[in-house]
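K.L.:
Give me coordinates for this.
(one chain, ligands or ions: 2)
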Amino acid sequence: MTAVTAALSADRPGRLDLSQWAAEAVLLDLDGTLINTLDEFDVALAHMLRGMGLPPVAKDEIARIIGKGSEHLVRSVLALALGRAGRANDAAAVEARFADAMARYYAGYGEVDGQLATVFPGALDGLRVLHGKGIPMAVVTNKPLRLAEPLLATKGLAPWVQFLYGGDSFEKRKPDPYPLLKACERLGSSPARTLMIGDSSNDALAARAAGCPVVLMRYGFNHGLPIETVDADGYFDSIDAIARQLPARPPAGAKPGQP
Ligand SMILES: O=C(O)COP(=O)(O)O
Ligand SMILES: [Mg+2]
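P.N.:
Ligands and ions are numbered 1, 2, ... in the order given. The predicted structure follows:
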């Protein structure tokens, strides 16, 4: 039995007892996990739609679409707005406007990147605690690097994170396991000993396929669905709470079981 299975079969079936499980590394999602970026998405998309002469889309509708990358977000919002304007909104109509919409979206987002976003309570402390325990971290987001990089820096999270991978870092993105596997490779950790912390089914699916245990934040977006409907190893209200439970990483060279 692996240590993960052993910890899972403890007194809370289906849940991973983090205090009994030594993490070699942690992977973190960005939007909805570390940072609340809903207001930035809202402003950038409003800028895009205004410039295209299309009606606005509500914030709660945007919250349900976030998490699958900018292209998916822009295509979905375009289709919604075109439909509301009484215009054709099939795939061909959306594709015809896609490049223009993306350019407007990036321009709108670039003006507010990091300014309207807030770090979720406990996220920064959580990163500090993980760092103090010697656990290396990487951020694996579907947000493009050009937006993710300044955001992480502006919000003061960058110094705690070894690597950042965006939705455009590789050919495949979450829910594909590829970015998680590449992050593990770079961190020198085995997937089975690397904890993914996310906020959506996208993160959970990618982690399951990569063989990483996964815990999910209750405050995130998750495509508008209750988070506990997603198969995961635990559900938490703050990253701080996760970080405090995990044991410190044993020094390099220590044998399993050694203090
Ligand atoms: O869809 C996005 O742009 C952000 O997604 P994330 O939740 O992977 O950070
Ligand atoms: Mg997310």
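K.L.:
Next, the residue of the chain found nearest ligand 2: phi, psi?
P.N.:
Checking the chain residue by residue against ligand 2 with Cβ to the ion singles out Gly32 as nearest, at 3.6 Å. Every C-beta, even on glycine, is put in place using the N, C-alpha and C of the backbone. Backbone dihedrals for Gly32, given as degrees, to the nearest 10, come out at phi 90, psi -10.
K.L.:
Quick check, it in contact with Lys68.
P.N.:
No - the pair Gly32 and Lys68 fails to qualify as a contact (Cβ atoms under 8 Å) at a distance of 11.7 Å.
K.L.:
who are the neighbours in contact with the most centrally placed residue in the chain?
P.N.:
To find the centre residue of the chain, average its C-alpha atoms and take the closest one (Cα atoms, centre = their mean): that gives Asp29, at 2.4 Å. In this structure, Asp29 makes contact with 139-141, 174, 196-200, 203, 220, judged by Cβ atoms under 8 Å, 6 or more residues apart in numbering.
K.L.:
how does it look with 10 Å?
P.N.:
Under the criterion of Cβ atoms under 10 Å, 6 or more residues apart in numbering, the contact list for Asp29 reads 35, 67, 139-143, 174, 196-200, 202-203, 206-207, 214, 216-217, 220-221.
K.L.:
average pLDDT for stretch 250-259?
P.N.:
Predicted confidence along stretch 250-259 averages 61 (mean pLDDT).
K.L.:
try stretch 38-53
P.N.:
For stretch 38-53, the mean pLDDT works out to 97.
K.L.:
can you tell me if that stretch touches ligand 2.
P.N.:
No - residues of stretch 38-53 contacting ligand 2 under Cβ under 5 Å from the ion: none, with a closest distance of 11.1 Å.
K.L.:
Return the subset of the contacts of Asp29 lying in strands.
P.N.:
Secondary structure of the contacts of Asp29 is defined by DSSP state E; positions in strands are 35, 139-140, 196-198, 214, 216-217.
K.L.:
ok, and the most crowded of these?
P.N.:
Neighbours were tallied for each of the ones in strands among the contacts of Asp29 (criterion: other Cβ atoms under 10 Å), and the maximum of 31 neighbours falls on Gly198.
K.L.:
does it have beta-bridge partners, and which?
P.N.:
When assigned by DSSP bridges, Gly198 has beta-bridge partners Leu216.
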